[in-house]
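Novice: This is a predicted model, with the sequence first.
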Amino acid sequence: MSSKSSTQHLSRVNIIRKKHLRLTIAVLIILGLIILAGEITNYDHIDGLVSIPAAISWLFSNMLFSAGTLANFPTVLRLLWETILISIVSTTTASVFALIFALLGSQLTQVNTFLMYVAKLVASISRNIPVVAWALILVLSFGTNSATGFLALFFATFGFLVRAYIETIDEASSDSIEALRATGATYPQMIFKAVLPGSMPQLFSWTLFMIETNIRSATLVGLLTGTGIGYLFDLYYKQLNYEMVSLITLSIVVAVLIIETISNRIRREII
Amino acid sequence: MDLQLDRTHDGKIKINRPTRGQKSLKWILIGTALFTVAGFFMMDYSGLVLSQAIADTLSNLYQMFLQPELSQVGFGTAMSQVVVTLSLAFLSTILGAVISLFLAFGTAVNLSKPWLSTLIKGVITIARAVPTVLWVLIFAIAAGLGSIAAVIGMMFHSVAYLVKAYSEAFEEIDEGKIEALRATGSSYWQILFQVVIPETKSYLISWTFLRFEINFGVAVAMGAAAGAGGIGYELFMSSTFYYDMNEVGMITIIILIVAIILELIANRLKVKA
């Protein structure tokens, strides 16, 4: 009896010791990878830490805008509006296509298995090619105008939304589909009476999320393709006009915050 | 019995009455659709010849995906550049994850004070509103273009994303378990490391890896747009400087393969969590 309890005790100690050992090994591996990755990329951890307060204080020190900087404000607003327009229009257009592909790609609402895999594959390719690659490819043939940014964002958004929509449809409508199928409802009835009404608020919430994300991505795309607010940022950045750089950054922040507020209000209204 | 029935305009009995939310959703959807149509007319298409552009894109895509070939960079260099990009993504994710863990303790409402939670959320909302590429370029002014600016700049969005994910995971912990430990007189840190982290471990790993997957794409972008090096820089050079579509294709395919592998791992971790 006593020997049994002592072996139990021992084995419990072993479990804890094993847990500690596993944790220590995991931490050591991660530390090793951090050092290795630092070596590969020439990343200096101390310089990195030092740069944070330096950059923040720099950002604020350039926020006392001179009159010359403020005179450019209308241009900033015009290009900011162009960028917002591209991100909203590309997201909404992509969401229409994404909805069709999501209905084809979801296990619950698929038409046939072959189309399901095609839909998933197309979505996976379009989302895993980074938006920069789309931008760099498209700018060569579409040139420096809004169409390039629109298409680059369209492809990336489309791929992401298909994945999000499929998950939403699977979560929201499994019960209702089963119920409707049992009553002998047709496929269109199932889609328009159960799936879409049930998951639409959540689907639209994902669309709003992508609009928020795309305003930031549009800045990146603009920087690469020479359009919108990203182009303006790049221009003044290269001229070392840091007051303008601060002004543009601040305008983008305000724009993103306004759009986040609006979309949060819409979310509260519809969900 | 006098039953009031709503009828549709063609005489059928109405079988559902939309709620307030459904009604507003309908108008919001109509509004969005109208804005989209109007938006197409408001965009600036200067210098665009659509038929020519589409034909060029198709021929570029044909060269890229059906005749991919590396010419300026060797295969070994391309692979080592992929490793550089992965390392940048790894560094910003893991350093961000450590910071996020502690910030998330302060953000989760069941582990923290309300004022602290609101404060951290506010700072994070502002940090997230700045596009990553702008963060990287701003840090480049302080630290010079290169890996430091890239890692720190990418870290900001990683932290914003992970704090939200972590704190939501923490908030779902059974209050009773925390209560039980508090009753035994455990300290704050004991509660965090004996209950909170072990309970949410698989979520934390899954979210962190998901962010790593996202950061790979971001690191490619920073290589192309902010001089961070890696495979993104090669992509930028071969498209903008050499106009070598076959090479752009090969690099895109390499990025695509790495991204799909990362996505599959992330999905597997998510199912396990």
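Specialist: Great, that's in hand.
Novice: So which residues make contact with stretch A:16-23?
Specialist: Applying Cβ atoms under 8 Å, 6 or more residues apart in numbering or on different chains, stretch A:16-23 has no contact partners. (Each C-beta comes from the backbone N, C-alpha and C, glycine too.)
Novice: Could I get the buried residue list for that stretch?
Specialist: Buried residues in stretch A:16-23, defined by neighbour count with 16 or more other Cβ atoms under 10 Å in any protein chain shown: none.
Novice: Ok, stretch B:17-34 next?
Specialist: Within stretch B:17-34, the residues that qualify as buried by neighbour count (16+ other Cβ under 10 Å) are B:25, B:32.
Novice: how near is the closest residue to residue A:190 other than its chain neighbours to chain B?
Specialist: Leaving aside its sequence neighbours, residue A:190 sits nearest to residue A:180 (Cβ to Cβ, 6 or more residues apart in numbering or on different chains; 5.0 Å). From residue A:180 over to chain B the distance is 14 Å, taken as Cβ to the nearest Cβ, to the nearest Å.
Novice: which secondary structure element contains residue A:180?
Specialist: Assessed by DSSP states H and E, residue A:180 sits inside helix A:146-182.
Novice: helices or strands up against that helix?
Specialist: Under the contact criterion of 3 or more Cβ pairs under 8 Å, 6 or more residues apart in numbering or on different chains; DSSP states H and E, helix A:146-182 touches helix A:73-105, helix A:113-128, helix A:131-142, helix A:196-225.
Novice: Could you pull up phi and psi at residue B:68?
Specialist: Per-residue torsions, residue B:68: phi -70, psi 140 (degrees, to the nearest 10).
Novice: Just confirm it contacts residue B:254, I think it does.
Specialist: No: using Cβ atoms under 8 Å, residue B:68 is not in contact with residue B:254; the gap is 9.1 Å.
Novice: Neighbour count for those two, which is higher?
Specialist: Taking neighbours as other Cβ atoms under 10 Å in any protein chain shown, residue B:68 and residue B:254 compare with residue B:254 leading, 20 against 17.
Novice: Looking at residue B:150 now. What's its pLDDT?
Specialist: pLDDT recorded at residue B:150 is 90.
Novice: and it, what does it touch?
Specialist: By Cβ under 8 Å, 6+ apart, residue B:150 lies in contact with B:88, B:92, B:136, B:219, B:222, B:223, B:226, B:228, B:229.
Novice: Looking at the residues you listed, which is nearest chain A?
Specialist: residue B:88 (5.5 Å; Cβ to the nearest Cβ).
Novice: Could you single out the most deeply buried of the helices and strands packed on helix A:146-182?
Specialist: Among the helices and strands packed on helix A:146-182, helix A:131-142 has the highest mean neighbour count (mean count of other Cβ atoms under 10 Å in any protein chain shown), at a mean of 25.
Novice: pLDDT averaged over that one - what is it?
Specialist: Helix A:131-142 comes out at a mean pLDDT of 87.
Novice: and that helix with chain B, contact?
Specialist: Yes: using Cβ under 8 Å from any Cβ of the partner chain, helix A:131-142 reaches chain B at A:131, A:132, A:133, A:136, A:137, A:138, A:140, A:141, A:142.
Novice: where does chain B dip in pLDDT?
Specialist: Low-confidence segments of chain B (pLDDT under 70): B:1-5.
Novice: Where is the longest helix in it?
Specialist: Of all the segments assigned as helix in chain B under DSSP state H, the longest by residue count is helix B:75-107.
Novice: And chain A, is whichever helix or strand comes after that one touching that?
Specialist: Next helix or strand after helix B:75-107 toward the C-terminus (DSSP H and E): helix B:114-129. Yes: residues of helix B:114-129 are located near chain A by Cβ under 8 Å from any Cβ, namely B:125, B:126, B:128, B:129.
Novice: before we move on, back to that, out of the contacts of residue B:150, which touch chain A?
Specialist: Within the set of these, contact with chain A (Cβ under 8 Å from any Cβ) is found for B:88, B:229.
Novice: quick revisit: please tabulate the residues of helix A:131-142 next to chain B in TSV and include distance to residue B:18 as additional columns.
Specialist: Formatted as TSV, the residues of helix A:131-142 next to chain B follow (distance: Cβ to Cβ, whole Å):
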residue	distance to residue B:18
A:131	37
A:132	43
A:133	43
A:136	46
A:137	44
A:138	41
A:140	48
A:141	45
A:142	42
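Novice: Right, I'll leave it there.
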